[in-house]
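> Below are the sequence and a predicted model for it; my questions follow.
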Amino acid sequence: MIAGFGTALIWAALGGAAWSLLLVVRDKPPGAATLGLLALLELGLLVQAVIGIGKLIGTDQDVSGASFVGYLIGSLLILPAAAFWALAERSRWGTTVLVVGCLVVPVMIVRLNQIWGAAGG
Amino acid sequence: MVDARTRTGPGRLLIAVYAVFALAATARSAVQIVTRFDRAPLAYLLSALAAVVYIVATVALARGSRRVALVACTVELVGVLAVGTASLIAPEAFPDATVWSTFGGGYGFVPLGLPILGLLWLRRTRGGPSLTA
């Protein structure tokens, strides 16, 4: 949808998932660096949501607006919820929640691109 | 009865996955019902049912309401098996997919595995002294 930027977000999220998985394997709790990375990713998703809604308003193509905005807003909920739920139990299993959260983000971005692409743009 | 064991250890991951499906199914069902309910009312009502079941299961597992969680996971398992079978036998009744169509094949069959894991987890954490980490 936003050339390059969405792809960068996908890679960042996959990096976050790999990093979180490494923490699980090494049985380390997520520290400031991990949370900082997630915060940066969340900031990127916020930028994507603002640009995406802007593009939706500006486009004359028949994009499925409800789904599109749903994914944009939904993608903002994932990481804060995952961080909250992960930090409530500082254990290996708690950290696996961060892995799941980071893996859900790329799926949502891919779906966003499909919804945008389905309208031919 | 409230039991914190259902939200600790593997339960924490299970609840996270349940929450993802609660969000996905709710959003999908809301969009379907608001934008094109006439096209496939049965499929969309089943989507809404799935969404409610996921929300109830997520909350019940997180709060440790074992009985509610048990009912939700059971309804979910019956639902995914029934809708999965029906979507294969009578595809014309499902012009648009639900989360449970083809046993959740559109979601990597996670919808089929989730209630089984949920029921196993409830069984594992029932009775006896609290599990330690």
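Cool, got the structure.

> Quick one: residues in contact with stretch B:52-71.
Stretch B:52-71 has contacts (Cβ atoms under 8 Å, 6 or more residues apart in numbering or on different chains) with B:1-7, B:11, B:14-15, B:18-19, B:21-22, B:25-26, B:72-73, B:75-76, B:79, B:115, B:118-119, B:121-122, B:126. The C-beta positions use only the backbone N, C-alpha and C, and glycine is treated the same way.

> Repeat the analysis, applying 7 Å as the threshold.
Residues outside stretch B:52-71 that contact it (Cβ atoms under 7 Å, 6 or more residues apart in numbering or on different chains): B:1-7, B:11, B:14-15, B:18-19, B:21-22, B:25-26, B:72-73, B:75-76, B:79, B:118, B:122, B:126.

> wait, does stretch A:3-18 contact chain B?
No. Stretch A:3-18 stays clear of chain B (Cβ under 7 Å from any Cβ of the partner chain), getting no nearer than 13.1 Å.

> Name the residues of that stretch that are buried.
A:6, A:9-10, A:12-13, A:16-17 (16 or more other Cβ atoms under 10 Å in any protein chain shown).

> same thing with stretch B:118-125?
Buried-residue list, stretch B:118-125, by 16+ other Cβ under 10 Å: B:118-119, B:121-122, B:125.

> With stretch A:86-99 instead?
Neighbour count says stretch A:86-99 has A:86, A:89, A:92-99 buried, by 16+ other Cβ under 10 Å.

> which non-adjacent residue is nearest the residue nearest to the spatial centre of chain B?
The geometric centre of chain B, computed from its C-alpha atoms, lies nearest to residue B:54 (Cα atoms, centre = their mean), at 4.0 Å. Distances taken as Cβ to Cβ, 6 or more residues apart in numbering or on different chains put residue B:22 closest to residue B:54, at 3.9 Å, once the chain neighbours are dropped.

> tell me which element that neighbour falls in.
In this structure, residue B:22 sits in helix B:10-36 according to DSSP states H and E.

> If you count contacts, what does that helix end up packed against?
helix A:65-87, helix A:92-118, helix B:41-63, helix B:110-124 (3 or more Cβ pairs under 7 Å, 6 or more residues apart in numbering or on different chains; DSSP states H and E).

> And stretch B:38-52, what's buried?
Buried-residue list, stretch B:38-52, by 16+ other Cβ under 10 Å: B:40, B:43-44, B:46-52.

> May I ask which of these comes out lowest in pLDDT?
Among the buried residues of stretch B:38-52, residue B:40 has the lowest pLDDT, at 81.

> Touching, that one and residue B:96? I think so.
Yes. If you go by Cβ atoms under 7 Å, residue B:40 and residue B:96 touch, sitting 4.4 Å apart.

> still on that earlier bit, contacting residues for the residue nearest to residue B:54?
B:51, B:54-55, B:58.

> likewise residue A:78?
A:101, A:104-105 are the contacts of residue A:78 under Cβ under 7 Å, 6+ apart.

> Among those, which one sits closest to residue B:86?
residue A:104 (28.3 Å; Cβ to Cβ).

> What is the neighbour count of the closest one?
25 (other Cβ atoms under 10 Å in any protein chain shown).

> Then residue B:89?
Around residue B:89 there are 8 residues (other Cβ under 10 Å).

> Then residue A:32?
Neighbours around residue A:32, by other Cβ under 10 Å: 8.

> One more: the one 5 residues further on?
The criterion is other Cβ under 10 Å. On that basis, residue A:37 has 18 neighbouring residues.
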